[in-house]
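# With the sequence up front, the predicted model follows.
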Amino acid sequence: MWYMCVFYHRLLDYRKPEVESLAQMFGAFDSDGGREDGEEHLEWRLPEHHHPDSPFHFVNLPSEDVARDVANRSILVKGIYELWGEGDSYKELEDAIHNYPDERKLPYLTSESSFRITVDSFGKVISFQEQNERIQSLAYIPFKGRVNLRNPVHKFWLMETDDYGANNGLPPVVQKRIFFGREVGGADRKLLPTYQLKSRTYLGPTAMDAEMAFLMANQAMVKPGKLVYDPFVGTGSILIAAAHFGAMTMGADIDIRVVRDGRGPDCNVWSNFKQYGLPMPIGLLRADNNLPPWRPGLKEVFDAIICDPPYGVRAGGRKSGGRKLLKGVVGPYTVPDDKRTDHIPSTAGYSLVECVHDLLDIAAKMLVLNGRLVFFYPVLREDESPENHFPEHPCFVLVSASEQILSSRYSRVLLTMVKRSPYTKEIEEAARLRHLEFKENHLKWLEDGNLHSVIFSPGESVFIAEGDTKVGKETKPKYRGKYV
């Protein structure tokens, strides 16, 4: 059945992938048996006269239960509605509502129920008096129940868009459009103020924003009973989102001071979980992504791996060994027992290309089949190549890539991959060759791991001979609001 999905106007690239992931988690594709390549997709279409970046979309979902579950769990869906009618004018809307089947309308108009009508708009403000007038104009709908503004059984929405002009920082609307429908479900955005970083007990310089952490958890299809791992756990922001959705969590970090000590007994990773009353992680390890701690033969343990690898802007990557050890100046050593408590192992620089290769290799071994790897990957926005090339692995299928623009120089892309084949010796060799090809063909800053200097160094402007127009990557539309 087709439903109208209304999004919040932010993080535009993330909206549909989140709904697709949640729809799969709640069984939207079970009746189809699922495609072998992991490319299950929902059907989408735009309302008449609407821009692709509009918050209004139609989506085909198998049942109202799935639609409700997706809307209630989502972060970016404002609401999913059973549309009773739409039109370019209120006369067209009235005709459309009259033509909607009575068997679909009458169960929600009975005298035993209560209801509320909310008037909403996109791109303009409707006064309280105008809202009342619009509600009164719906008198032709035979509501028999009582009005309950606080806690109604059924919620109805009257939404409209209009030609508000192309220069107000919102996606263009060609013509006025009015929608009326019954709310099936909507996002609970109240959890974002609850988990906002400024009230978090223990924070670090790379702590993940709460909204983005919940989006990553949704992309990974986190739910109760699943085991989620973050190999770059830091202060635990991503695992907190996973624990909120009922998953068992486990993390690792190369800095033992972060996972063991924090800033004291009441200000550490564990205290963050205690602050929100969440289940504690199964374990937090001092471990190196380059030298994973898992015993040989251990594989297919985690249901999802969610992380934000270090790419050199706020913090650079580190791996065990130290410069002298890696160069062979000194040999491997064993820390004496009397010094192990306070020992901080030596580390050396860890390039992003090596970090991502190790991450994919660990995920290929440790994820269950159909498990998800969700991680951020940096992209230079001045790259003139027509398309971005992301890391690949024979075990994984890329299901979505969502860009978040951070500055005019660079952005980060949230990559969601699904494991579709088991890890074997042949796969390991194929992955190594693919990694070498990627390493040779990618930008130098990625190999050096020095993204910070590329971003903050003065860029060389390239000009067209006839003018001062800079040649570069085609820019996306700039809309009003933060992080859209």
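Right, received. Where do you want to start?

# Under the pLDDT cut-off, which ranges of the stretch 151-300 of the chain? List them.
Scanning the stretch 151-300 of the chain for pLDDT under 70 picks out the ranges 163-169.

# For it, just list every one of the helices.
In the stretch 151-300 of the chain, the helices defined using DSSP state H, counting those that start in this stretch lie at 191-194, 210-219, 237-244, 256, 269-275.

# Using PDB, list the CA coordinates for the second one.
Taking Å, rounded to 0.1, in the frame of the first residue of the first chain, the C-alpha atoms of helix 210-219 are listed here in PDB:
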ATOM      1  CA  ALA A 210      23.600  11.800  19.200                       C
ATOM      2  CA  GLU A 211      21.400  12.200  16.100                       C
ATOM      3  CA  MET A 212      24.100  10.700  13.800                       C
ATOM      4  CA  ALA A 213      24.800   7.800  16.300                       C
ATOM      5  CA  PHE A 214      21.100   6.800  16.200                       C
ATOM      6  CA  LEU A 215      21.100   7.000  12.400                       C
ATOM      7  CA  MET A 216      24.100   4.700  12.300                       C
ATOM      8  CA  ALA A 217      22.400   2.300  14.600                       C
ATOM      9  CA  ASN A 218      19.300   2.300  12.400                       C
ATOM     10  CA  GLN A 219      21.400   1.700   9.300                       C
END
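
# Give me the angle between that helix and helix 237-244.
Angle of helix 210-219 versus helix 237-244, following axes from the mean of the first three to the mean of the last three C-alpha atoms, to 10 degrees, is 60 degrees.

# From the chain's centroid, how far away is the longest strand seen in the chain?
Using DSSP state E, we find that the single longest strand of the chain is strand 367-380. Distance of strand 367-380 from its chain centroid, counting by C-alpha atoms, centre = their mean, to the nearest Å, is 11 Å.

# List the strands paired with that strand, with their directions.
strand 302-307 (parallel), strand 410-419 (antiparallel) (DSSP bridges).

# tell me the mean pLDDT for the last one?
For strand 410-419, mean pLDDT rounds to 93.

# Packing partners of the next helix-or-strand element following that strand?
Counting by DSSP states H and E, the next helix or strand C-terminal to strand 410-419 is helix 425-441. Under the contact definition 3 or more C-beta pairs under 8 Å, 6 or more residues apart in numbering; DSSP states H and E, helix 425-441 sits against helix 352-366. Bear in mind the C-beta positions are built from the backbone N, C-alpha and C, glycine included.

# What is the helix it packs on packed up against?
Packed next to helix 352-366, using 3+ C-beta pairs under 8 Å, 6+ apart, are strand 302-307, strand 367-380, strand 396-405, strand 410-419, helix 425-441, helix 444-448.

# most packed of these?
With neighbours taken as mean count of other C-beta atoms under 10 Å, the helices and strands packed on helix 352-366 reach their highest mean count in strand 302-307, at a mean of 24.

# Export only the CA atoms of that strand, formatted as CSV.
C-alpha atoms of strand 302-307 as CSV (Å, rounded to 0.1, in the frame of the first residue of the first chain):
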residue,chain,number,x,y,z
PHE,A,302,29.0,-9.8,15.7
ASP,A,303,25.7,-8.9,14.1
ALA,A,304,26.9,-5.4,13.3
ILE,A,305,30.1,-3.3,13.4
ILE,A,306,29.5,0.4,13.6
CYS,A,307,32.4,2.9,13.9
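
# Centre of the chain to that strand, how far?
Relative to the centre of its chain, strand 302-307 is centred 14 Å away, using C-alpha atoms, centre = their mean.

# In this structure residue 96 contacts residue 88, no?
No: using C-beta atoms under 8 Å, residue 96 is not in contact with residue 88; the gap is 10.5 Å.

# between those two, who's got more neighbours?
Under the criterion of other C-beta atoms under 10 Å, the comparison of residue 96 against residue 88 puts residue 96 first, with 17 against 13.

# Now name the helix or strand holding that one.
Using DSSP H and E, residue 96 falls within helix 90-99.

# Now that helix: buried residues?
Going by neighbour count (16 or more other C-beta atoms under 10 Å), the buried part of helix 90-99 is 90, 93-94, 96-97.

# again, but for stretch 271-282
271-273, 278, 281.

# Show me the contact partners of that stretch.
Applying C-beta atoms under 8 Å, 6 or more residues apart in numbering, the external contacts of stretch 271-282 come out as 194-195, 200-202, 227, 235-236, 239-240, 243-244, 248-251, 262, 269-270.

# Could you pick out the buried ones from those residues?
Neighbour counting with 16+ other C-beta under 10 Å marks 195, 200-202, 227, 235-236, 239-240, 243-244, 248-251, 262, 269-270 as buried within the contacts of stretch 271-282.

# can you pull the contacts of the closest residue in space to residue 434 that isn't next to it in sequence?
Excluding the flanking residues, the one nearest residue 434 by C-beta to C-beta, 6 or more residues apart in numbering is residue 392, at 5.6 Å. For residue 392, the contact set (C-beta under 8 Å, 6+ apart) comprises 398, 434, 438.
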